[in-house]
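# Following is a predicted model, sequence given first.
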Amino acid sequence: MLRSTSPLLSLFAFLLCWGAALVSAVSITGNRLLAIFDEVGEKENYTKFLGDLESRGFQITYETPKSESLALFHLGERAYDHVIFFPTKTKGLGPNLTPQILVNFLNAKGNILQTLSSTTTTPNSLVSLLAELDITLPAERTGLVVDHFSYDALSAPETHDVLALPPPAPVRNDISPLFSTGAPKDALLAFPHGVGAVLGPREHLTPILRAPKTAYSYNPKEQAEVLDATDLFAAGQQLSLATAFQAINSARLVLLGSAEMLQDKWFLAEVAAGPNGKPVKTFNREFAKRVSAWAFQELGVLRVNWIEHHLNEVSAVNKSNPHIYRVKNDVTYTISLSEYAYNKWSSFSLPANDVLQLEFSMLSPFHRLPLSLDKAHSTPEASAYTVSFKLPDQHGIFNFKVNYKRPFFTNIEEKNTVSVRHMAHDEWPRSFVISGAWPWIAGIGATISGWVVFVALWMYSAPTDKKMGNKKTN
Amino acid sequence: MSAETLQVLADVGKGKSTRSVLRVIILALIAGASIASRLFSVIRFESIIHEFDPWFNFRATKYLVANGFYNFWDWFDDRTWHPLGRVTGGTLYPGLMVTSGAIWHALRALTIPVDIRNVCVLLAPAFSGLTAIAAYLLTNEMTTYNSAGLLAALFMGIAPGYISRSVAGSYDNEAIAIFLLVFTFYLWIKALKQGSMLWGAFCALFYGYMVASWGGYAFITCLLPLHAFVLILMGRYSTRLYVSYTTWYALGTLASMQIPFVGFLPVKTSEHMPALGIFGFLQLLAFLDYVRSAVPSRQFQTFLWLFAGGIFVLSLAVLVIATSAGVIAPWSGRFYSLWDTGYAKIHIPIIASVSEHQPTAWPAFFFDLNLLIFVFPVGVYLCFQELADEHVFIIVYAVFGSYFAGVMVRLMLTLTPVVCVAGAIAISTILNNYLIAKTPTEEDQQAAEAAEKKGSKSGLKSATKPVVGIYGLWSKSLMVAAMAVYLLIFVMHCTWVTSNAYSSPSVVLASRMPDGSQHIIDDYREAYQWLRQNTKEDAKIMSWWDYGYQIGGMADRPTLVDNNTWNNTHIATVGKAMSSREEVSYPIMRQHEVDYVLVVFGGLLGYSGDDINKFLWMVRIAEGIWPDEVSERAFFTPRGEYRVDGEATETMKNSLMYKMSYYNFNNLFPPGQAVDRMRQARLPEVGPTLSTLEEAFTSENWIIRIYKVKDLDNVGRDHISATAFEKGLKKKKAAKKRGPRVLRVD
């Protein structure tokens, strides 16, 4: 992420970044991808998915958890930029992939794409990691999501464990529909043999794909015959089939409930929703591309190019980003944002129903203002948002703060600290300008002239009589 | 030495001009001595700014020197009271900084390159020399004995009561304010005696300087009208009083209103009302006096006096009504605590928490004034003997000065000048009687008796004086020797007190090694230097307000609260953060953008001035604002003890201050052996844990401990579970918890 104080500097940095982007033409955080399989041979099932990734510029390293040489960090630096976990049968993942290391990987801005499968139990390490993120898996570390209404009639007419779902619409109307735009109207996703997860209330989490209202999760080994209501793990839209997690530093983790949906088989298969559904080709390939692109910082990545604020007054010196203002100054604040998609930066436009806000705050916001698009400073690569306002009549150390944290977008929290000083002694209007002061000014004038008149009278009026004069001085 | 040379010496002493030269030399020596005795701190330690407030004054002076006067005047300081900032230029008394700035510029103009720090360090001693001279002048107005003035100058120069605030490095407002106080009084007496408008104007000028220098100017503002009022009550109204008082009041008030911090206070607050009231009253009296001289009738005069009294009472009533209606600000808390010493403790804990606002202990009078405290009443008595206008002043000053000094330790400072003056009058009278008084001869006595007989005929007894003389050489020399010994003891006491009690910079602690050599404990500066070198330029430091000025001055980092204490709520916020659980403190620290927390801990060294000992004040101040969230009672055990060991209350053990003080302290000792040497308490075996803070720095002797405030957890956990996870503790299975399902709503 780059930010700078002067537009020139930021332009330079921007060009630099642009150059870097041209070379890799991939995720903005790097292209070293680690794929973890139980056995490396399993990658043959995912040739199309992995091929897509490679064609987007990723350099994939294949490892198994048992590998001695596997290390996410080398000399304190990240050895990989992204990790994909495919289902593994081992109970743990060994000392190189402990949950602590994985959390540190997230803290170091590494991204993780984790897949589950109902046929294998999830390793303890990953379950602990998910627990830290407030994502809960079924009790036995496995489960199966079934839906007796929207199952795929072609492949699972009896077991109902392959779900056929429409591409996911955003859960709220102010969220960008990253995963469903451009999909054909009747497109269907195949979600075979998947595990659903339950999400806590943490705002870092967003479900990408929720189970239909009629789906539920159960354990085929233990609950094959009867499912007691109290033992139900979760059902309906509480089951998240694909989950996005974004940490404060914008490191991303995607939990995909079904690894199988990434397999070549399901990229090519046709599905039909329910017994009466019309068979259509799955949307899986495009969905997998978008999900992996989001997880690996190719989609929904925002960048602050520059921030500029200045005094917006007639007599003002035209200085950018001063450190100090005065109370009740008029100022203008502008922020330039770009959005990254696959290989290029473009201007960021806000989702419908959403606004970008500026807070001017000291302890608590004194102003919270919507920023509007500033066409004059926007380019095809960057859009500028601006607002002009009058500073509050309160001195102190304030922050211009843009706190734009939305699901599926990089967190933007920009704080620019300025001091707002009081009026200097010579900045007040002069007394003769203030009409209320005129009586006092008149009073001063009257006193002075009266005194002068008195002195003059005193000096030029000689005592008429010596006797009287003597009397007076006593 | 032969008798001839003695005679020559005695003859030399007799000439008038020789005496003047001698006086000048003696005064110069006294000034030199008063400066020299204040240099102990520089010799013992180094040329360093002392204590707390001086660090702010020093910082402000540096700002003044660097940015010029007008920028200083309009200075908005964004590195204190984060995030409120402080309108420093408008909330300080600029006299001190401007004085040292002017001296610095003058020295530079003379091509003497001097570090501004050295100007600041040596300002107080330099002004104490001037104070000695001012005391000489003031005393000379009281008595005809020249020796009294010289003695007063000497006393003023070395009295510990004044030295305590004016050693080298004690760069505080009092450093110049005491000189201005004494000199203003001198000018007032001069003006009053001569009825001179010129001297009155000088008095007002120095009064203005005093207002620019120290908040204690209110002492003058109240004492002068009081003196005038007492004179009026004694029936001593005169045109001299009228001229001097009105000149002083009119010009002095105008001068004082030029200081932004004072502004309109002279016409708006109760402290200044006596001066205004006496001013008005004097106008009335002058008018009545004129009318009286014009109208002969005695009855009418009585009526006029009653009229004057009536007006006085009426205006007093108006004052009371205006105060209760809020037009005039009532007495401020600090003034209430002057009348009722228990007031501040109940209503304004922040004032009571300052050690120098405590009532004075009796030994302090002896400690600070030694011999003078005994001869002081004698001097006041001698003033009664003559009772001219200026002696009334000394009496009034003595009464009020003694009262205030008894109420507040710090006001010992304002008492010291009058003690020195009165003491000098007493001692010089004694010395004069025993040294100079000629032995009356037989003829003198007979002549006197004859005169008495003649006098009894004329009936004016007071016109004759009985001849009093000390006849015996023995009694003379005994008395003089005794006084000389007392004075020598006084000098020795002053030197001892100065060197041992008042010369410690308190930034650096001195201790003795077993072999008697001095060992310097320099933890404060070590820690401040660490902050300066290892933290961001704008890293905000939270600490108790005592250390605010030092952090600002030595570490150059923004602080949340400092010794200016203008905003009680902000201080209470810090108090609340310190005295609450981590879960409560953390949001407060986040909101105030705190990066580091600094605590002072004396448990390892047995240093008594640490934060745990001050902790109850933090609790009290916080409780004043949030009585529902912070409770002082919860920090005491059920038996009413304030403990830090295993018996400490849960609130105490969970408070941020306790945790920061004792964090990792156990590791210094064998298991279960940790002992707090300050409070002689054995600490529990398991030390406190911290999850929202991490230890950043601990100084050599553990006096200063600095903690870094952690960021929000990156993946959104609370800090306690994040810390537990780091340690590898398993999370409790969520499935075990029963109860209604919590559904997520998107």
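That came in fine, so what should we check first? Numbering: from 1, shown residues only, chains lettered A, B, ... in the order given.

# from here on, contacts and neighbour counts on C-alpha atoms
Will do.

# contact partners of stretch B:79-96?
By CA atoms under 8 Å, 6 or more residues apart in numbering or on different chains, the residues outside stretch B:79-96 that reach it are A:362-363, A:395-398, A:421-422, B:57, B:72-78, B:172-173, B:176, B:209-215, B:259-261, B:540, B:548, B:552, B:557-562, B:570, B:592.

# Oops, could you answer that again for stretch B:112-119 instead?
If you take CA under 8 Å, 6+ apart as the criterion, stretch B:112-119 is touched by B:47-49, B:58, B:62, B:100-101, B:103-104, B:107-108.

# and A:A384, that's in a strand?
Yes. Under DSSP: H, G, I helix; E, B strand; the rest coil, A:A384 falls within a strand.

# ok, the closest residue to B:H357 other than its chain neighbours to chain A distance?
Distance criterion CA to CA, 6 or more residues apart in numbering or on different chains; nearest residue to B:H357, sequence neighbours excluded, is B:M408 at 5.2 Å. Distance, B:M408 to chain A, using CA to the nearest CA, to the nearest Å: 34 Å.

# Give me the local confidence score for B:M408.
B:M408 carries a pLDDT score of 82 in this model.

# Can you report phi and psi for it?
The phi/psi pair for B:M408 (degrees, to the nearest 10) reads phi -140, psi 130.

# about what we covered before: filter the contacts of stretch B:79-96 down to the ones in strands?
With strands taken from DSSP state E, the overlap with the contacts of stretch B:79-96 comprises A:362, A:396-398, A:421, B:540.

# Identify the farthest-apart pair in those residues.
Pairwise distances across those (CA to CA) peak at 18.9 Å, for the pair A:R421 and B:K540.

# one step back: let me see the contact set for the residue nearest to B:H357.
Contacts for B:M408 (CA under 8 Å, 6+ apart) come out as B:338, B:356-360.

# Mind picking the two most distant members of those?
B:L338 and B:E356 (12.7 Å).

# Tell me which of the two has more neighbours.
Neighbours were counted for B:L338 and for B:E356 using other CA atoms under 10 Å in any protein chain shown; B:L338 has more, 19 against 13.

# Now name the helix or strand holding B:I43.
helix B:40-44 (DSSP states H and E).

# which one of the contacts of stretch B:112-119 has the most neighbours?
Counting neighbours by other CA under 10 Å, B:I49 leads the contacts of stretch B:112-119 with 29 neighbours.

# need the contact list for that residue.
Contacts for B:I49 were tallied using CA under 8 Å, 6+ apart; they are B:55, B:58, B:117, B:120-121, B:169-171, B:505.

# again, but for A:F191
Counting by CA under 8 Å, 6+ apart, A:F191 touches A:162-165, A:258, A:260-261.

# In three-state terms, how would the closest residue to it other than its chain neighbours be classified?
Ranked by CA to CA, 6+ apart and with sequence neighbours excluded, the top spatial neighbour of A:F191 is A:L163, at 4.8 Å. Secondary structure for A:L163, judged by three-state DSSP, is strand.

# hang on, isn't A:L163 packed against A:G196?
No. In this structure A:L163 lies outside contact range of A:G196 using CA atoms under 8 Å: 11.8 Å.

# Neighbour count for these two, which is higher?
Each of A:L163 and A:G196 has its neighbours counted (other CA under 10 Å); A:G196 has more, 36 against 31.

# From A:H367, how far off is the more buried one?
Separation of A:G196 from A:H367 (CA to CA, to the nearest Å): 43 Å.

# again with B:S631
Taking CA to CA as the criterion, B:S631 is separated from A:H367 by 35 Å.

# Not counting residues beside it along the chain, what's closest to the closest residue to chain B within the stretch 301-450 of chain A?
Taking CA to the nearest CA, chain B has its nearest neighbour within the stretch 301-450 of chain A at A:G396, 4.3 Å off. Leaving aside its chain neighbours, A:G396 sits nearest to B:L84 (4.3 Å; criterion: CA to CA, 6+ apart).

# ok, now B:R705?
B:T698 (4.4 Å).

# contacting residues around the one you found?
Applying CA under 8 Å, 6+ apart to B:T698 gives the contacts B:527, B:704-706.

# Between these, identify the one with the most neighbours.
Comparing the contacts of B:T698 by number of neighbours (other CA under 10 Å), B:I706 comes first, having 27 neighbours.

# where does it land in three-state SS?
Quick answer, by three-state DSSP: B:I706 is strand.

# Show me what it is bridged to.
B:L598, B:F697 (DSSP bridges).

# thinking again about what came up before, among the contacts of B:I49, show me the least confident.
On pLDDT alone, B:P505 ranks lowest of the contacts of B:I49, at 82.

# distance of A:I441 from A:S435?
Distance of A:I441 to A:S435, computed by CA to CA: 10 Å.

# neighbour-wise, which of those two wins?
Shown here are A:I441 and A:S435; by other CA under 10 Å, A:I441 has more neighbours (14 against 9).

# need the contact list for the more buried one.
Residues near A:I441 by CA under 8 Å, 6+ apart: A:F432.

# how far does the one helix or strand it maps to sit from the chain's center?
Assigned by DSSP H and E, A:I441 falls within helix A:438-460. Distance, stretch centre to chain centre, for helix A:438-460: 72 Å (CA atoms, centre = their mean, to the nearest Å).

# which stretches of the stretch 351-474 of chain A have low pLDDT?
A:465-474 (pLDDT under 70).

# Get me the contact residues on it for chain B.
Proximity of the stretch 351-474 of chain A to chain B, by CA under 8 Å from any CA of the partner chain, involves residues A:362-363, A:395-398, A:419, A:421-425.

# same check, this time on chain A
Residues of chain A found near chain B (CA under 8 Å from any CA) are A:100, A:107, A:128, A:132-133, A:139, A:171-172, A:199-202, A:204, A:238, A:246-249, A:362-363, A:395-398, A:419, A:421-425.

# Show the buried residues in those residues.
A:100, A:107, A:128, A:132-133, A:171, A:199-200, A:204, A:238, A:246-249, A:362-363, A:395-398, A:419, A:421-424 (16 or more other CA atoms under 10 Å in any protein chain shown).

# Chain neighbours aside, what residue packs nearest to residue 217?
Went with chain A since none was named. A:V145 (4.3 Å).

# Switch to chain B, please.
Of all residues not flanking B:Y217 in the chain, B:V211 sits nearest, at 5.3 Å (CA to CA, 6+ apart).

# what's the pLDDT at the one you found?
What the model reports as pLDDT for B:V211 is 94.

# how deep is B:S147 tucked in, by neighbour count?
By the criterion of other CA under 10 Å, B:S147 has 21 neighbours.

# about what we covered before: tell me the one of the ones in strands among the contacts of stretch B:79-96 nearest A:W306?
A:F398 (19.1 Å).

# B:D711 and A:L130, how far apart?
Separation of B:D711 from A:L130 (CA to CA) stands at 21 Å.

# out of these two, which sits in the busier spot?
Per other CA under 10 Å, whichever of B:D711 and A:L130 has more neighbours is A:L130, with 21 against 12.

# Grab the CA positions of the helix or strand that one falls within and hand them over as CSV.
Element membership of A:L130, judged by DSSP H and E, is helix A:124-132. Coordinates of each C-alpha in helix A:124-132 appear next as CSV, following Å, rounded to 0.1, in the frame of the first residue of the first chain:
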residue,chain,number,x,y,z
ASN,A,124,-6.8,-29.8,14.2
SER,A,125,-4.4,-27.0,13.3
LEU,A,126,-6.8,-25.6,10.8
VAL,A,127,-9.8,-26.0,13.1
SER,A,128,-7.9,-24.0,15.7
LEU,A,129,-7.0,-21.4,13.2
LEU,A,130,-10.7,-21.0,12.2
ALA,A,131,-11.7,-20.9,15.8
GLU,A,132,-9.5,-17.9,16.3
